[in-house]
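Engineer: Next input, structure requested:
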Amino acid sequence: MSDLLHSFVVPAYGRSPHLRDCLDSLRRQSLPSRLFIATSTPYDGLAEVAREYGATLAVHAPNTGIGRDWNHALAQADTPWLTVAHQDDIYLPEFTRRTLDAAAARPDAALLFTGYAELLADSDAVRDATAMLRIKRLLLELAFLGRDAVARPGAKLRALRFGCPIPCPAVTLARRSPPFRFREDLRVNLDWDAWVRYAREPGAFVYIRESLMLHRIHPGSETSAGVRDGVRAAEDQMMFDSLWPKPIARTLAQAYRLSYAGAER
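Structural biologist: Predicted coordinates:
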């Protein structure tokens, strides 16, 4: 397959100590892709890093939040398929090849995603079977029922009604016209909201069950900050309200809040 089929776009925020590891994993893919770095917080040396890895650097302003950063990153890609690669994460060598093979096998695909494992920031230990990962995989199996792809809106939404088991950094999107945009008023659930909107439109969701990337877990993430300051709870309530009648939505949101409280203790 041509390397022009796919792009990795990396929204680089601040000076991540893991950016080089991420870029190195993208360069080591068995099937090459175009590589872009987008940032609203440039720093001395970032342009040199981009040149070292053969990436196109795009700087934008002002810095108004994660949604704008992701949208600016998406706007850089001009290939049929694109992945928003999180700067702290690692992509295993077959990620691109397996994703594009799955896209070729399913011409109606709009969104593809792989399995993933967790990478602990403090020790670099890899976890592939935590309770949360098992729950997410169960939610996906309830939607896909052993299939590799689902196209009916009801089946796609079924994967998202109890939370967001589709891992944002493992997602590859079909490039669209007009371009797809994440909501810029959300801080935590902008990916969950995006996949719900995708689910309600034509196009199949394709699930590649193999773990082909490592998602780094650390307390400095936007998700962790959102839990601490209450943003996560408010955005969870908003999402459940969009998917369920009010009484069920309140019950699910409360269960989520209790799970966060338990994790913080």
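Engineer: right, and residue 98 touches residue 209 too?
Structural biologist: No - using C-beta atoms under 8 Å, residue 98 is not in contact with residue 209, being 10.3 Å away. Glycine gets a C-beta too; all of them are placed from N, C-alpha and C.
Engineer: low-confidence ranges in this structure?
Structural biologist: 1-3, 219-229, 261-265 (pLDDT under 70).
Engineer: Quick test: name the residue nearest the centre of it.
Structural biologist: Closest to where the C-alpha atoms of the chain average out (C-alpha atoms, centre = their mean) is residue 168, at 1.3 Å.
Engineer: shouldn't that residue be in contact with residue 86?
Structural biologist: Yes - using C-beta under 8 Å, residue 168 makes contact with residue 86 at a distance of 7.4 Å.
Engineer: In contact with the residue nearest to the centre of the chain, which residues?
Structural biologist: 84, 86, 191 (C-beta atoms under 8 Å, 6 or more residues apart in numbering).
Engineer: Which of those residues sits closest to residue 61?
Structural biologist: Taking C-beta to C-beta as the measure, residue 84 is the one of the contacts of residue 168 closest to residue 61, at 19.7 Å.
Engineer: Count the residues that sit near the closest one.
Structural biologist: For residue 84, the number of neighbouring residues by other C-beta atoms under 10 Å comes to 23.
Engineer: what do you get for the one 5 residues further on?
Structural biologist: The burial metric for residue 89, expressed as a neighbour count using other C-beta under 10 Å, is 22.
Engineer: Which residue ranges of the chain form helices?
Structural biologist: Taking DSSP state H to define them, one finds helices in the chain at 19-27, 46-52, 66-76, 95-105, 131-144, 153-158, 190-199, 222-229, 231-243, 246-264.
Engineer: Of all these, which one is nearest residue 177?
Structural biologist: Ranking the helices of the chain by proximity to residue 177 (C-beta to C-beta) places helix 66-76 first, at 12.3 Å.
Engineer: Tell me how far the closest one lies from the chain's centre.
Structural biologist: The chain centre lies 13 Å from the centre of helix 66-76; the measure is C-alpha atoms, centre = their mean, to the nearest Å.
Engineer: before we move on, what about stretch 64-80?
Structural biologist: Chain-centre distance of stretch 64-80: 13 Å, with C-alpha atoms, centre = their mean.
Engineer: Bridged to the residue lying closest to residue 127 once chain neighbours are set aside, which residues?
Structural biologist: Nearest non-adjacent residue to residue 127, counting by C-beta to C-beta, 6 or more residues apart in numbering: residue 118, 4.4 Å away. Note on residue 118: beta-bridge partners by DSSP bridges are residue 127, residue 215.
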